[in-house]
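*Asks:* Predicted model, plus sequence, below.
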Amino acid sequence: MEIATRVGLMNWLVSQGLTGLPENDLIRGFCERCRAAGLDLSRCLVFIDTLHPIFEGRGFRWNDIETNETDRFEYGPTDEGDASRNWRRSVFYHMLEQGHDEIRIDLAEHAKLDFSLLPDLAEKGHRHFIGFVHRFGETGALGQMDCFYSYWLTRREGGFDDRELDALRDLVPVLGMVVKSAQQVDIVRTLGRVYLGRDASERVLHGKISRGVTEQINAVLWFSDLRGSTSITESIPPDEIIPFLNDYAQAAIDAIHDSGGDVLKLIGDGVLAMFTSENLGQAKRAALRAEHRFRLNMIGLNATRGAEGRAVTSAYVGLHVGEVFYGNIGHDDRLDFTVVGPAVNEVSRIASMCRSVDRELLVSEAFREGLDAAGRRYLVSTGRFALRGIGRAQDLYTLEPAISTDEVLAGQYERYLKS
């Protein structure tokens with residue numbers, strides 16, 4: 001491959017990386033352009049570790065013929081079980097252990113090498129293998145994202161010639177830089193979504209990061225916490241506390257997200273969330289739908305945990321509606337993108353009243369008033385209460401108790417939530 005062609009490919013990689021071309025499209029376009037320039041590629045695989053709460057890293061494949069493989073994949077932790085054993089038998093683990101940046105293998109000799117992936121590659125007709133590990137360095141690493149791994153194959157009997165190898169040595173680091181840049185953007189989005197919430201993350205990433213920049217909105221607010229969590233966490237082994245909190249947090253978060261809400265904050269065992277819509281009646285119904293799904297999630301969770309002999313519980317939920325300030329609050333060095341206002345304090349007080357009236361759900365007058373007539377019929381008053389720190393007394397409502405015992409009424413309520 002001529003120098004001018006290599007420079008052209010480098011320019012293409014950088015320009016497409018700057019425009020945000022998805023990595024699988026980037027890899028495919030790169031390999032096709034390499035082949036068009038005379039570089040006899042038959043397959044490539046690249047991967048990079050990342051920061052994600054579920055998987056360890058992400059990879060991309062390209063083949064010169066149609067296969068049933070996906071061109072994009074994620075992989076889990078490689079430090080235990082079969083994944084660990086496979087990783088330790090990989091070419092890349094060997095390269096890291098030996099300090100190699102490059103390795104070339106004649107696949108006809110694979111039987112002499114105890115590497116896990118080589119027999120399958122040879123069986124599919126590939127003849128020669130070159131692998132690279134490009135290390136990022138201490139300041140370039142981000143958590144486990146410290147290397148860009150890749151291998152390149154050809155079906156040609158004689159393998160890659162010297163000019164092709166030189167071309168790969170020039171081009172692959174540029175490809176690695178572009179993939180790394182794309183993954184860093186993905187990490188920012190992932191961390192924003194996980195730690196700020198879905199809507200707040202999108203707002204921050206679209207530039208709303210200045211202190212004091214807030215928006216006054218009408219929102220349906222959710223506050224939930226677990227029943228008896230203090231006594232439970234004092235009675236279970238210390239290594240069970242975090243799994244206990246995580247299980248029930250997931251039950252709540254899944255229900256809220258599935259119903260279109262946004263989780264704003266986790267406060268110990270408490271969850272603060274909101275539901276918004278141009279039609280607040282729809283947002284209120286979404287909140288009731290989330291509460292119903294939360295109960296169903298906990299039924300399944302309690303069955304699983306109970307069968308394992310682990311602690312189980314239920315939860316209190318308060319729902320309210322009001323004007324809040326939504327945006328950046330704090331110091332320039334430490335901002336929180338959240339909601340503030342009297343309505344936020346009020347919804348937490350409503351949730352805390354659940355213990356006093358022995359109900360798992362309480363909603364405010366303002367919440368009930370905005371519902372349609374069909375929705376209001378499922379809510380009954382528990383009495384009038386003066387909430388701590390709130391200037392006026394108000395009626396609080398809960399679900400009609402017969403919903404839990406009358407199958408016909410329960411079915412009607414579920415159909416209402418879905419409508």
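*Replies:* Received the coordinates, thanks.
*Asks:* and the gap between residue 418 and residue 300?
*Replies:* According to C-beta to C-beta, to the nearest Å, residue 418 stands 19 Å off from residue 300. For glycine as for every other residue, the C-beta is placed from the backbone atoms N, C-alpha and C.
*Asks:* ditto for residue 39
*Replies:* For residue 39 relative to residue 300 (C-beta to C-beta), the value is 54 Å.
*Asks:* Walk me through the domains of this structure.
*Replies:* Per the record, the chain has its domains at 3-194, 209-418, by automatic domain parsing.
*Asks:* Please convert these to CSV, extending it with mean pLDDT, distance to residue 200 and mean neighbour count.
*Replies:* Listed next are these as CSV, based on pLDDT from 0 to 100; distance: least, C-beta to C-beta, whole Å; neighbours: other C-beta atoms under 10 Å:
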stretch, mean pLDDT, distance to residue 200, mean neighbour count
domain 3-194, 91, 8, 16
domain 209-418, 90, 4, 17
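*Asks:* where along this structure do the strands fall?
*Replies:* Counting by DSSP state E, residue ranges of the strands within the chain are 43-49, 57-63, 72-75, 102-106, 128-135, 147-154, 214-226, 262-267, 270-275, 315-331, 334-340, 361-363, 379-386, 393-399.
*Asks:* Now tabulate the domains of the chain in JSON lines and tack on distance to residue 201.
*Replies:* Shown next, in JSON lines, are these (distance: least, C-beta to C-beta, whole Å):
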{"stretch": "domain 3-194", "distance to residue 201": "3"}
{"stretch": "domain 209-418", "distance to residue 201": "8"}
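*Asks:* Which of the ones you listed sits closest to residue 203?
*Replies:* Nearest of the domains of the chain to residue 203, taken as C-beta to C-beta: domain 209-418 at 6.8 Å.
*Asks:* Does anything pack onto the longest helix anywhere in the chain? Which helices or strands?
*Replies:* Looking across the chain with DSSP state H, the single longest helix is helix 162-196. If you count contacts as 3 or more C-beta pairs under 8 Å, 6 or more residues apart in numbering; DSSP states H and E, helix 162-196 packs onto helix 3-19, helix 23-36, strand 43-49, strand 57-63, strand 128-135, strand 147-154, helix 198-205.
*Asks:* Give me the contact list for the last one.
*Replies:* Outside helix 198-205, the residues that touch it by C-beta atoms under 8 Å, 6 or more residues apart in numbering are 188-189, 192-193, 196, 257, 262-264, 276, 327, 337-338.
*Asks:* Ok, the longest one next?
*Replies:* With contacts defined as C-beta under 8 Å, 6+ apart, helix 3-19 is touched by 26, 29-30, 33-34, 37, 167, 170-171, 174-175, 177-178, 181-182.
*Asks:* Next: stretch 252-260.
*Replies:* So stretch 252-260 is in contact with 198, 222, 224, 262-263, 271, 273, 275, 286-287, 289-291, 293-294, 296-297, 315, going by C-beta under 8 Å, 6+ apart.
*Asks:* Please name the residues that touch the residue nearest to residue 38 when sequence neighbours are not counted.
*Replies:* Spatial nearest neighbour of residue 38, chain neighbours left out: residue 1 (6.1 Å); criterion: C-beta to C-beta, 6 or more residues apart in numbering. Going by C-beta under 8 Å, 6+ apart, residue 1 touches 34, 37-39, 163-164, 167.
*Asks:* ok, now residue 380?
*Replies:* Contacts for residue 380 (C-beta under 8 Å, 6+ apart) come out as 397-401.
*Asks:* so residue 136 sits right up against residue 180, yeah?
*Replies:* Yes: at 7.2 Å, residue 136 counts as touching residue 180 under the criterion of C-beta atoms under 8 Å.
*Asks:* got any residues that touch both of those two?
*Replies:* 145, 148.
*Asks:* Tell me the buried residues in stretch 195-203?
*Replies:* 196-197, 199-201, 203 (16 or more other C-beta atoms under 10 Å).
*Asks:* farthest-separated two in the residues you listed?
*Replies:* It's 197 and 203 that sit farthest apart of the buried residues of stretch 195-203, by C-beta to C-beta, at 9.7 Å.
*Asks:* Identify the contacts common to the two.
*Replies:* Common contact partners of residue 197 and residue 203 (C-beta under 8 Å, 6+ apart): residue 337.
*Asks:* Contacts only, for residue 322.
*Replies:* Contacts of residue 322 (C-beta under 8 Å, 6+ apart): 218-219, 221, 341-343, 346, 366.
*Asks:* Distance of residue 15 relative to residue 375?
*Replies:* Going from residue 15 to residue 375 by C-beta to C-beta gives 54 Å.
*Asks:* Ok, residue 293 next?
*Replies:* To residue 375, residue 293 is 16 Å away according to C-beta to C-beta.
*Asks:* With residue 401 instead?
*Replies:* On the measure of C-beta to C-beta, residue 401 and residue 375 end up 17 Å apart.
*Asks:* Could you do residue 145 as well?
*Replies:* From residue 145 across to residue 375, the span is 48 Å (C-beta to C-beta).
*Asks:* distance of residue 406 from residue 397?
*Replies:* Distance from residue 406 to residue 397, by C-beta to C-beta: 18 Å.
*Asks:* For stretch 295-310, C-alpha coordinates in PDB please.
*Replies:* Presented in PDB, the C-alpha positions along stretch 295-310 are these (Å, rounded to 0.1, in the frame of the first residue of the first chain):
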ATOM      1  CA  ARG A 295     -45.500  -4.200  43.700                       C
ATOM      2  CA  LEU A 296     -45.400  -6.900  41.100                       C
ATOM      3  CA  ASN A 297     -41.600  -6.700  40.900                       C
ATOM      4  CA  MET A 298     -41.400  -7.100  44.700                       C
ATOM      5  CA  ILE A 299     -43.700 -10.100  44.700                       C
ATOM      6  CA  GLY A 300     -41.300 -11.900  42.300                       C
ATOM      7  CA  LEU A 301     -38.300 -10.600  44.200                       C
ATOM      8  CA  ASN A 302     -39.600 -11.700  47.600                       C
ATOM      9  CA  ALA A 303     -40.400 -15.100  46.300                       C
ATOM     10  CA  THR A 304     -36.900 -15.500  45.000                       C
ATOM     11  CA  ARG A 305     -35.200 -14.100  48.100                       C
ATOM     12  CA  GLY A 306     -37.500 -16.000  50.500                       C
ATOM     13  CA  ALA A 307     -36.800 -19.300  48.800                       C
ATOM     14  CA  GLU A 308     -33.100 -18.600  49.300                       C
ATOM     15  CA  GLY A 309     -33.700 -17.800  53.000                       C
ATOM     16  CA  ARG A 310     -32.800 -14.200  52.600                       C
END
